[in-house]
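1. just a sequence and a predicted model for now, questions to come.
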Amino acid sequence: VGSLAIPAAGRPAPQGEPQDPAKALRDLRREQRSATPPGEAEISARLTDVGVRYLETGHVAPAIELLSEAVSRDPDNGVALASLTLAYVKHGDVEFAEFYLDLARQVARRKNPDPAVYVALGDVYEAQNRPEDALAAWEQARTLGDASVELLRKIARAQSDWAFSHGQKYFSGSRFEFFFDPSISESLVRMLDEFLERASVEEARFFMRELASDQVVIVYGGRRYFEFSETPDWVGGFYDGKIRLPLEAGSEPSEALFGLLRHELAHAYLREISGRRAPSWLQEGLAQYVGGRRVDPAFVEPFLSNMPADFLENSEGFFRQRTDREQARAAYALSLSFIQFLSARGGPGSVVCLAEELGQGRTLRESFLDLYRDTPASIEAAWRADLARLAPPKKKKKK
Ligand SMILES: [Zn+2]
């Protein structure tokens, strides 16, 4: 561990500046006592410079003291946080290091250090046989912009080790990473990967954007996981930031499976486009649409009797996992029907724009007025009228 090169976390010292950290610290303390002391952020940055210099020269104890002060003066100082994590690792205080690593990963948009700090940190953890911490540090380096092949290899190797130690197998394609039960054959997983690669080209075109990060796909042998999560048995898959698929051992690729993959992949795009602001009818309706499913509007109307009068406003709960089967089925069919209706009106691209506008913080009403020149309530009324018109004539029931 001691022989690992650890790069400096801070900015390089300006050229020509004396490298004596003790003097830089004395100067700073004097200025702090003066009539016009520097602001907290500047004090924090200068303490970080001094702390990093101590760390580089092996003076770990003063480095920890100064970097801790830098973090407490400016909690957004990511350079100080990263350097402090390194200092604790060098000092052998793994628990403290973990604490600061966690903190560094939680807060986005702070002033960030060179990703190399996290690469080095991951290397240290790996040498200590702490694969999960190593993985966390390397993932952080990737988040901070290190897109090098060496780093991707380190991450893939660590994930593969992790999967192995947890009884799963691991396969990494170029854009999709798979964790799968040993009962699932690797050749099937490779086919899923090829299919998803092709589907992601089509869906990038449909959604008018690329996915920002690789997607993790977890393939379960059988439905055990889904029983635990109380997903209804007719739901084929699940997306919660990862694509989760239950497959029976010996499954063959089929059109139904490909439709399911397109559906779950669409959720990944929708999450990126709309954050979590799109209502379920939009997410599930559009995911089904992209999955290739269509409903015949002539047969949709009876489902309306299972739903509240204002479907767009009040259907949210009916998509949830624990609702009863008939209502959930009705909600899925109606959401698809409504997406078909919107697509016929404004083109499928208009529905993508709708998700995008919601993601930008617009209300449903604002987005509808912008895209369909009408309110959600009156578009819903037009859709219902359409379904009623197309429905086969009913036999009158006697009361
Ligand atoms: Zn779905």
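-> Thanks, I have it.
2. any chance you could map the strands in the stretch 101-250 of the chain?
-> 169-172, 176-180, 215-221, 238-239, 243-247 (DSSP state E, counting those that start in this stretch).
3. okay, now whichever residue of the chain sits closest to the ion: neighbour count?
-> In the chain, the residue found nearest to the ion is residue 287; the distance is 4.4 Å by Cβ to the ion. C-beta coordinates here come from the backbone N, C-alpha and C atoms, glycine included. Using other Cβ atoms under 10 Å, residue 287 is surrounded by 25 other residues.
4. quick one: residues contacting residue 261.
-> Taking Cβ atoms under 8 Å, 6 or more residues apart in numbering, we find residue 261 in contact with 192, 195, 196, 199, 237, 243, 245.
5. part of a helix, is it?
-> Yes - under DSSP: H, G, I helix; E, B strand; the rest coil, residue 261 falls within a helix.
6. quick check, central residue of this protein?
-> Nearest to the geometric centre of the chain sits residue 241, at 5.2 Å (Cα atoms, centre = their mean).
7. ok, that one to residue 362 distance?
-> To residue 362, residue 241 is 24 Å away according to Cβ to Cβ, to the nearest Å.
8. likewise residue 384?
-> Residue 384 is 24 Å from residue 362, where distance means Cβ to Cβ.
9. kindly report the same for residue 307.
-> Counting by Cβ to Cβ - residue 307 and residue 362 are separated by 25 Å.
10. got it, and residue 344?
-> Residue 344 is 23 Å from residue 362, where distance means Cβ to Cβ.
11. give me the more crowded residue out of these two.
-> residue 362 (16 against 12).
12. quick one, what contacts the more buried one?
-> residue 370.
13. just say helix, strand or coil for it.
-> Secondary structure for residue 362, judged by three-state DSSP, is coil.
14. ok, residue 37 next?
-> coil.
15. what's the neighbour count on the closest residue to it other than its chain neighbours?
-> Once flanking residues are discounted, residue 37 sits nearest to residue 31: 6.2 Å by Cβ to Cβ, 6 or more residues apart in numbering. As a burial measure, residue 31 scores 14 neighbours (other Cβ under 10 Å).
16. same deal with residue 24?
-> Neighbour count of residue 24, defined by other Cβ under 10 Å: 18.
17. cool, residue 138 as well?
-> Using other Cβ under 10 Å, residue 138 has 26 neighbouring residues.
18. distance of it from residue 329?
-> Here residue 138 is placed at a distance of 43 Å from residue 329 (Cβ to Cβ).
19. surely residue 280 touches residue 315?
-> Yes - the pair residue 280 / residue 315 is scored as a contact, 7.0 Å apart, by Cβ atoms under 8 Å.
20. these two: who's more crowded?
-> Higher neighbour count among residue 280 and residue 315: residue 315, with 21 against 16, using other Cβ under 10 Å.
21. now do the phi/psi pair for the more buried one.
-> phi -90, psi -10 (degrees, to the nearest 10).
22. repeat for the one 3 residues further on
-> Backbone torsions of residue 318, given as degrees, to the nearest 10, read phi -80, psi -10.
23. that one: how many residues sit nearby?
-> Look at residue 318: counted by other Cβ under 10 Å, it has 23 neighbours.
24. quick check, pLDDT for it.
-> Looking at residue 318, its pLDDT is 84.
25. skip the chain neighbours and tell me the closest residue to it.
-> Closest residue to residue 318 apart from its sequence neighbours, by Cβ to Cβ, 6+ apart: residue 331 at 3.9 Å.
26. my guess is the one you found contacts residue 281. True?
-> Yes - here residue 331 reaches residue 281: they are 7.3 Å apart, a contact under Cβ under 8 Å.
27. now for these two: what residues contact both?
-> In contact with both residue 331 and residue 281: 315, 319, using Cβ under 8 Å, 6+ apart.
28. more neighbours, the two?
-> A direct count of neighbours by other Cβ under 10 Å for residue 331 and residue 281 places residue 331 higher, at 25 against 22.
29. the more buried one: which element?
-> Residue 331 belongs to helix 325-346 when elements are defined using DSSP states H and E.
30. show me where the stretch 251-399 of the chain has its strands.
-> Shown for the stretch 251-399 of the chain, no strands are assigned by DSSP E, counting those that start in this stretch.
31. what pLDDT is listed against residue 151?
-> What the model reports for residue 151 is a pLDDT of 91.
32. equivalent analysis for residue 223, please.
-> Per-residue pLDDT puts residue 223 at 63.
33. same deal with residue 137?
-> Looking at residue 137, its pLDDT is 86.
34. show me the contacts for it.
-> Counting by Cβ under 8 Å, 6+ apart, residue 137 makes contact with 101, 118, 119, 121, 122, 125.
35. go again using 7 Å as the cut-off
-> Residues in contact with residue 137 (Cβ atoms under 7 Å, 6 or more residues apart in numbering) are 101, 118, 121, 122, 125.
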